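J.: Provided below for reference: sequence and predicted model.
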Amino acid sequence: MDKINLELLKQIADLEGIPQGAYNFRINGKGEGRRSTDEIEIVSKKDKPGIDIYIKPNTKGKSVHIPVMISQAGLNDLVYNDFYVGKNCDVTIVAGCGIYNCSNSLSEHDGIHTFHIESGAKVKYVEKHLGLGTENAQRVLNPTTKVFIKKDGFMEMETTQIGGVSFADRKTFAKLADGARLVIKEKILTTQNQTAKTKFQVSLVGKKSSVDVLSRSVAKEDSKQNFKSVVIGKNECFGHVECDGIIIGNGKIVSTPEIRAEHIESTLVHEAAIGKIAGDEIVKLQTLGLTEKQAEDEIIASFMLEN
C-alpha cells in the first residue's frame with residue numbers, strides 16, 4: 001500500500017496497517033487484502049462487486065474493518081456489501097471511504113450496505129468519509145444503507161463526513177421489529193462549493209421499537225446541505241429526531257424532519273435548529289488568547305462532539 005492510501009486508511013479507519021481480527025481492504029475498485037476469522041467470514045459476491053460478511057451467533061467483543069480507498073483518478077467504484085449478524089452478537093463494524101484526487105476527472109464511490117441483524121444482537125457501525133487532494137478536483141460519495149433489525153436487536157450508526165468531499169448523497173432506510181432500537185449519529189462538515197444531501201427513513205413496525213436520529217452539521221463558505229428525516233410509527237413505539245446546524249459565511253442548510261404517526265400508541269418527536277455562531281462566544285474565547293479563527297474552530301469542534 002502506497003503512502004496516499006496509507007494516509008486515507010489512517011484518516012477513515014484509525015489504522016496504520018493491518019488490523020487485528022477480520023478485515024477486507026478495497027483499493028481502487030479491487031480487493032487488496034482480506035482475513036476471515038473463526039467467528040467472522042468474509043466471502044466475495046459472485047453476481048456483482050462486493051462482499052458478504054457472516055458473523056456467527058453469540059460472537060462478542062469482535063470487530064471487522066472494511067475500508068475503501070480510491071487514489072486512481074477518474075474511477076467510478078460501485079460495491080454491494082451485505083452483513084449477516086447472528087443472534088446475541090455484540091460486534092463493531094468499521095467502514096468508510098477516502099478519495100484522493102488531484103486531476104480534472106471525477107472520482108466516485110457508491111457503496112450499498114445492507115444489514116440483517118438477528119434477535120438480541122448489538123452492532124456498532126462506524127463510517128467516515130474523507131476527500132484529499134487539490135481544491136477543485138471532484139470527489140463524490142453516495143452511500144446507501146439498508147438496516148433490518150429483528151426482535152430486541154440494537155444498532156448504533158456513527159456516520160461522519162470529515163471534509164474534502166465535493167458531493168455526497170446519503171440514503172438510509174431502516175425497518176425495526178418488536179423491541180428493536182436504532183441510534184443514528186451523523187456529523188457533516190462542508191466547505192467551499194461542496195454539497196451534502198442526507199435522507200433517513202425509519203419504519204417503526206414492531207411493538208416498543210425506537211429510534212434516535214441525531215444530526216450535527218456545519219456549512220461553511222459557499223457550501224450547501226440538505227437534511228431530511230422521515231420516521232414512521234406503525235405500532236407502539238418511540239421516535240426522536242434532532243438536527244442542529246451552524247452556518248458560516250454563505251453556507252446554506254435546509255433541514256426537514258418529518259414524523260408520521262400511524263398508530264395511536266406512537267410517540268414521535270422532532271427538533272431542528274440552524275443558526276450562526278454567537279459573537280459573544282467568539283469574544284469569550286478571544287479573551288483567553290485565541291484568535292478569531294482558533295475560537296471558531298474550537299466552537300465547531302465542541303459542537304460536533306455534542307451528540
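T.: The structure has been received and is ready for your questions.
J.: And the strands in the stretch 101-250 of the chain?
T.: Counting by DSSP state E, counting those that start in this stretch, residue ranges of the strands within the stretch 101-250 of the chain are 107-117, 122-133, 139-141, 144-149, 154-163, 167-176, 181-190, 195-204, 209-219, 224-233, 237-247.
J.: Against which helices or strands is the second one packed?
T.: With contacts defined as 3 or more Cβ pairs under 8 Å, 6 or more residues apart in numbering; DSSP states H and E, strand 122-133 has these neighbours: helix 3-13, strand 90-94, strand 97-101, strand 107-117, strand 139-141, strand 154-163. For the C-beta atoms, the positions are set from N, CA and C on the backbone; glycine is no exception.
J.: Okay, now the sheet partners of that strand, with direction.
T.: Paired strands of strand 122-133, with direction, are strand 90-94 (parallel), strand 97-101 (parallel), strand 154-163 (parallel) (DSSP bridges).
J.: And it, how far out from the chain middle?
T.: 6 Å (Cα atoms, centre = their mean, to the nearest Å).
J.: what does the average pLDDT come to for that strand?
T.: The pLDDT scores in strand 122-133 average 97.
J.: Please point out which parts of stretch 49-68 sit buried.
T.: For stretch 49-68, the neighbour count (16 or more other Cβ atoms under 10 Å) marks 50-56, 59, 62-68 as buried.
J.: so which of those residues would you say is closest to residue 138?
T.: residue 68 (17.1 Å; Cβ to Cβ).
J.: got a list of what the closest one touches?
T.: Counting by Cβ atoms under 8 Å, 6 or more residues apart in numbering, residue 68 makes contact with 26-27, 77, 79, 95-98, 109, 111.
J.: avg pLDDT for the host helix or strand of residue 294?
T.: Per DSSP states H and E: residue 294 is located in helix 292-304. Mean pLDDT, computed over helix 292-304, is 88.
J.: Could you pull up phi and psi at residue 280?
T.: For residue 280, the backbone dihedrals are phi -70, psi -30 (criterion: degrees, to the nearest 10).
J.: And it, how far from residue 286?
T.: 10 Å (Cβ to Cβ, to the nearest Å).
J.: same question, residue 192
T.: Taken as Cβ to Cβ, the span from residue 192 to residue 286 is 26 Å.
J.: what are the bridge partners for residue 185, then?
T.: Beta-bridge partners recorded for residue 185 (DSSP bridges): residue 158, residue 214.
J.: pretty sure it contacts residue 157?
T.: Yes: in this structure, residue 185 is within contact of residue 157 by Cβ atoms under 8 Å, at 6.8 Å.
J.: out of those two, which sits in the busier spot?
T.: Set residue 185 next to residue 157 and count neighbours by other Cβ atoms under 10 Å: residue 157 wins out with 22 against 17.
J.: Check that one and give its pLDDT.
T.: Confidence score, pLDDT, at residue 157: 98.
J.: ok, now residue 117?
T.: Looking at residue 117, its pLDDT is 98.
J.: Run through the bridge partners of it.
T.: Counting by DSSP bridges, residue 117 is bridged to residue 85, residue 149.
J.: tally of neighbours for it?
T.: Neighbourhood size, residue 117 [other Cβ under 10 Å]: 26.
J.: Also residue 212?
T.: For residue 212, using other Cβ under 10 Å, the count is 19.
J.: do the same with residue 130
T.: Neighbours of residue 130 under the rule other Cβ under 10 Å: 22.
J.: Would you mind measuring from it to residue 30?
T.: In this view, residue 130 and residue 30 are 20 Å apart by Cβ to Cβ.
J.: Show me which positions of the helix holding residue 294 end up buried.
T.: Residues of helix 292-304 classed as buried by neighbour count (16+ other Cβ under 10 Å): 295-296, 299-300, 303-304.
J.: Return the list of helices and strands in contact with it.
T.: Packing partners of helix 292-304 (3+ Cβ pairs under 8 Å, 6+ apart): strand 181-190, strand 209-219, strand 237-247, helix 279-286.
J.: same thing but 6 Å
T.: Applying 3 or more Cβ pairs under 6 Å, 6 or more residues apart in numbering; DSSP states H and E, one finds that helix 292-304 makes contact with helix 279-286.
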